[in-house]
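S.K.: quick one: sequence and predicted model below, then my questions.
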Amino acid sequence: MQEYQIESEEAALELIENLTEQAWAEIEGKIMGALKMFIEELLEEELSQRLGAEKYERTEDREGYRGGHYQRGLTTRFGHIPDLSVPRPAQGPAPFTLFDRYERRRWDVDAVIGKLFLLGVSTRKIKGVVKDIFGIPVSAQTVSKTTAFLEEELKYYQERELTDDVEFLFLDGICEKVREIGVEKKVMLCAFGIHSGGEKEILSFRMADSEDTPSWKGFLADLKSRGLLGKKIRLIISDGNPALLKAIAEIYPFHKVQRLIAHRMRNVAVKLRRHNQKPAMDEARLIFGAPNKKEALRRFKAWRSKWIVEEERAVRCLEKGLYNCLHYYDFPEEMWKKIRTTNILERAFREVRRRTNPMGLFPNAESANRIFYGITDYMNE
């Protein structure tokens, strides 16, 4: 008896669930039917205004005749309409204000797909989500193209006026693969700023063929022409790329340039004999952990005295770049970790790579710029 009661309860729950699904399916069907009817009425009204006459109306102001209808699909934020009846004039197809002639998805649908893509959702998952929500499948190529809605925003971002209140300017480049005639390596030249009020922002980026002096010079000149004159810059942080350093000297002369400690230490390490690498590098790292510049210089002199005979090449390498590696000591201690490396920009690059690594390469330069901007805009916000 008890088993029969349980089975009856389960059957009742299943029936209620089925009825609920049927009810919602019916509601959805009626909503989509009403939406379809409303759009078709708007299209008919627009065509009547264009022709100067309603259906079957005789008037001297008529400027054309109807040429029947054709069926097309349209995906909206409310769902997919598979059989929209679109009127057309007899003299040939004409555009409507509701949608473009070859538009199959409304822009806000593409914007949703594009933002999911930029946030790191895989193409395979997006295809499933889009089918569940909008009722139609999309291809991987379509997913990539949906970032096209960023085009105007990208143009504004790369041309907008910059405020001249940046105190710390970080400069670095990130390599990406882009398909042109073949697969080419490109570099995104990037500028990150900390403003006088403490706000952090990726100021700009530009795609270049390489990190050579003309590319960096053009990039920095663009920043300057847009308002970043450098009057408040207290320190520029870079990885020590010779081409970049030369460009900085031309566009932003007389500014201190903090060289990356990690890059200098790697250069030192490769000049050490293998059996001396660990002890010499462990001691060298203590230089940059000193409580002040005076102590850092004292530690360097002690390290130099110990290793100059046995590892002269390594000592000369560190000595040559030491001055530019210690500029961070001229600022309050709480700022040292932020301004002695480009880690703040590297974190942004990691977010970019998290999104772009699954892609392998960008299909073209335009796609690379759009996706890079989308991630940049998200991080700035």
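M.R.: Yes, it's here.
S.K.: which residue ranges of the stretch 251-381 of the chain form strands?
M.R.: 257-259 (DSSP state E, counting those that start in this stretch).
S.K.: show me where it has helices.
M.R.: 261-269, 274-287, 293-307, 312-325, 336-339, 343-356, 365-380 (DSSP state H, counting those that start in this stretch).
S.K.: return the most buried member of these.
M.R.: helix 365-380 (a mean of 19; mean count of other CB atoms under 10 Å). In short, each C-beta sits where N, CA and C put it, glycine included.
S.K.: relative to helix 343-356, how tilted is that helix?
M.R.: Following axes from the mean of the first three to the mean of the last three CA atoms, to 10 degrees, one obtains 130 degrees for the angle between helix 365-380 and helix 343-356.
S.K.: of the helices of the stretch 251-381 of the chain, which approaches residue 69 most closely?
M.R.: With CB to CB, the closest approach to residue 69 among these belongs to helix 365-380: 36.4 Å.
S.K.: and residue 232, backbone torsions?
M.R.: Taking degrees, to the nearest 10, you get phi -110, psi 0 for the backbone angles of residue 232.
S.K.: hmm, back to that, turn the helices of the stretch 251-381 of the chain into TSV, columns for distance to residue 90 and mean pLDDT.
M.R.: As requested, these are exported to TSV (distance: least, CB to CB, whole Å; pLDDT from 0 to 100):
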stretch	distance to residue 90	mean pLDDT
helix 261-269	71	88
helix 274-287	82	92
helix 293-307	84	94
helix 312-325	76	91
helix 336-339	69	86
helix 343-356	49	72
helix 365-380	39	76
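S.K.: using CSV, lay out those together with distance to residue 192.
M.R.: Compiled in CSV, the helices of the stretch 251-381 of the chain are given as follows (distance: least, CB to CB, whole Å):
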stretch, distance to residue 192
helix 261-269, 17
helix 274-287, 25
helix 293-307, 25
helix 312-325, 19
helix 336-339, 11
helix 343-356, 5
helix 365-380, 10
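S.K.: for residue 150, find the nearest of those helices.
M.R.: Taking those one by one with CB to CB, helix 365-380 is closest: 4.6 Å.
S.K.: let's see that closest one as PDB, backbone CA atoms only.
M.R.: Extracted as PDB, the C-alpha positions of helix 365-380 are listed here (Å, rounded to 0.1, in the frame of the first residue of the first chain):
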ATOM      1  CA  ALA A 365      44.900  41.900 -37.100                       C
ATOM      2  CA  GLU A 366      41.500  43.400 -36.700                       C
ATOM      3  CA  SER A 367      40.300  40.500 -34.600                       C
ATOM      4  CA  ALA A 368      43.500  40.700 -32.400                       C
ATOM      5  CA  ASN A 369      42.900  44.400 -31.800                       C
ATOM      6  CA  ARG A 370      39.200  44.000 -30.900                       C
ATOM      7  CA  ILE A 371      39.800  41.100 -28.500                       C
ATOM      8  CA  PHE A 372      42.700  42.900 -26.900                       C
ATOM      9  CA  TYR A 373      40.500  46.000 -26.500                       C
ATOM     10  CA  GLY A 374      37.600  44.000 -25.000                       C
ATOM     11  CA  ILE A 375      39.800  42.500 -22.300                       C
ATOM     12  CA  THR A 376      41.500  45.800 -21.700                       C
ATOM     13  CA  ASP A 377      38.200  47.600 -21.300                       C
ATOM     14  CA  TYR A 378      36.900  44.900 -18.900                       C
ATOM     15  CA  MET A 379      40.100  45.200 -16.800                       C
ATOM     16  CA  ASN A 380      40.000  49.000 -16.800                       C
END
